[in-house]
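*Asks:* next one to model:
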Amino acid sequence: MSNDYSFDSSRRKFIYNVGLTAISIPVLSSFVKSSKFDEDSSRMRISKEKAAGKLGIALVGLGSYAGGQLAPALQSTAHCYLAGIVTGTPDKAEKWKAQYGIPAANIYDYKSFDNIKNNPDIDIIYVVLPNSMHAEYVIRAAHAGKHVICEKPMAITVSDCDKMIAACKKAGKMLSVGYRLHFEPYNLEMARLGTEKVFGAVKKMDGKFGFPAEAGIWRLNKELAGGGPLMDVGIYCIQASCYTAGADPIAVTAKEGPKTDPVKFKDVEESLTWQLEMPGGVIADGKASYSEGMNRFRAEAEKGWFELNPAFNYSGQKGFTSNAKMDFPRVNQQERQMDAFAQSVKSKTPSIVPGEMGRRDVKILQAIYEAMRTGKKVTI
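*Replies:* Residues are numbered from 1 along each chain as shown. Below is the predicted model of the structure:
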């Protein structure tokens, strides 16, 4: 018996234009069939990657992000490679094994996951599961002696974040969060313009991110997602506010938007707006929605303004300032993100997107929800 959590096509098509796949989290036994030729060629591939000094990554959860973005990016990374997978679906295991040349010994289900500790091919585990499952699998990965990348949001509670950080520290392993935009040129330029005060001190920021969500997606299940669009796409606006201002918020007010479909949004908010108070009186407005299509971030400073529209896609960012249009090369964000973490592991230098940053953001998310529920300003 299995439980299937389908990743919504609307989110991926609207925001990123990638295909619809699904993620399954059952508990099964090992299940991969293979021929000797397949195994020999797969082992040769792994040996070649290791000889080149690359670190092996295992993807946990083969949903649309893993299949549409991470696995393809790992075909062109310079410092890491796709070494293994964890899935509860036999058909997916066979498909990925054939497509990416993964040895049978490097394919796990959720029952056999902990045996990954005995696999020298796998150095890094990338957790790509529904939000409520992040803590469990990051902690189990640390116990298995592996470095970890965790998708955002890092967890659904600050307490879980603390446990994840502690587990990785105890194991002597690094923990990073999948904040790909820290490696994307247009968003990096927003951070530079803001922190270097190119247009003077930033006074006000405004971020909006949303898409029309389909009924039945796991993101509408509070038990799995921890909340609604704030947890999913709103976190990008919060991140942008922090790296553009070069500071963390100190207080927040928030308000839930109306529910146009009380049944569809019975567990989570349909939309919400918030206002972050940053040090020095800087204000950052934000909005996240599961009913409106929006994707932009703008900063207004003493002597001008700068913005991205669209801002948060996997690709296709467009940037403008009060002086000129931004023009940067297109990059593969996931490739850069994973390579950067692999380099951090190899050189034993801190990740620029560590677990502590993920914890900070979960603390902000929870403060926004508290402000939304109470109608009061909440100190962060």
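
*Asks:* so where's the stretch 51-200 of the chain shaky on pLDDT?
*Replies:* By pLDDT under 70, the stretch 51-200 of the chain contains no weakly predicted segment.

*Asks:* could you pull out the helices for it?
*Replies:* Per DSSP state H, counting those that start in this stretch, the stretch 51-200 of the chain carries helices over the ranges 64-65, 71-73, 90-100, 134-143, 158-171, 185-195.

*Asks:* what about those helices, which gets the closest to residue 40?
*Replies:* Nearest to residue 40, of all the helices of the stretch 51-200 of the chain, is helix 90-100, at 13.6 Å by CB to CB. Just so you know, the C-beta spots here come from the backbone N, C-alpha and C atoms, and that holds for glycine as well.

*Asks:* how far off centre is the closest one?
*Replies:* 24 Å (CA atoms, centre = their mean, to the nearest Å).

*Asks:* and that helix, C-alpha only, in PDB?
*Replies:* This file holds the C-alpha atoms of helix 90-100, laid out as PDB (Å, rounded to 0.1, in the frame of the first residue of the first chain):
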ATOM      1  CA  PRO A  90       9.500   0.700  -8.700                       C
ATOM      2  CA  ASP A  91       8.700   2.100 -12.100                       C
ATOM      3  CA  LYS A  92      10.500   5.300 -11.400                       C
ATOM      4  CA  ALA A  93      13.500   3.400 -10.100                       C
ATOM      5  CA  GLU A  94      13.800   1.500 -13.400                       C
ATOM      6  CA  LYS A  95      13.300   4.600 -15.500                       C
ATOM      7  CA  TRP A  96      15.900   6.600 -13.600                       C
ATOM      8  CA  LYS A  97      18.300   3.700 -13.600                       C
ATOM      9  CA  ALA A  98      18.100   3.400 -17.400                       C
ATOM     10  CA  GLN A  99      18.200   7.100 -18.100                       C
ATOM     11  CA  TYR A 100      21.000   8.100 -15.800                       C
END
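
*Asks:* which parts of that helix are buried?
*Replies:* For helix 90-100, the neighbour count (16 or more other CB atoms under 10 Å) marks 90, 92-93, 96-97, 100 as buried.

*Asks:* list the buried residues for the lengthiest helix in the chain?
*Replies:* Taking DSSP state H as the criterion, the chain has its longest helix at helix 355-374. Under the neighbour-count criterion of 16+ other CB under 10 Å, helix 355-374 has 355, 357-369, 371-372 buried.

*Asks:* ok, so of the buried residues of helix 90-100, who is nearest residue 80?
*Replies:* Looking across the buried residues of helix 90-100 and measuring by CB to CB, the closest to residue 80 is residue 100, at 13.5 Å.
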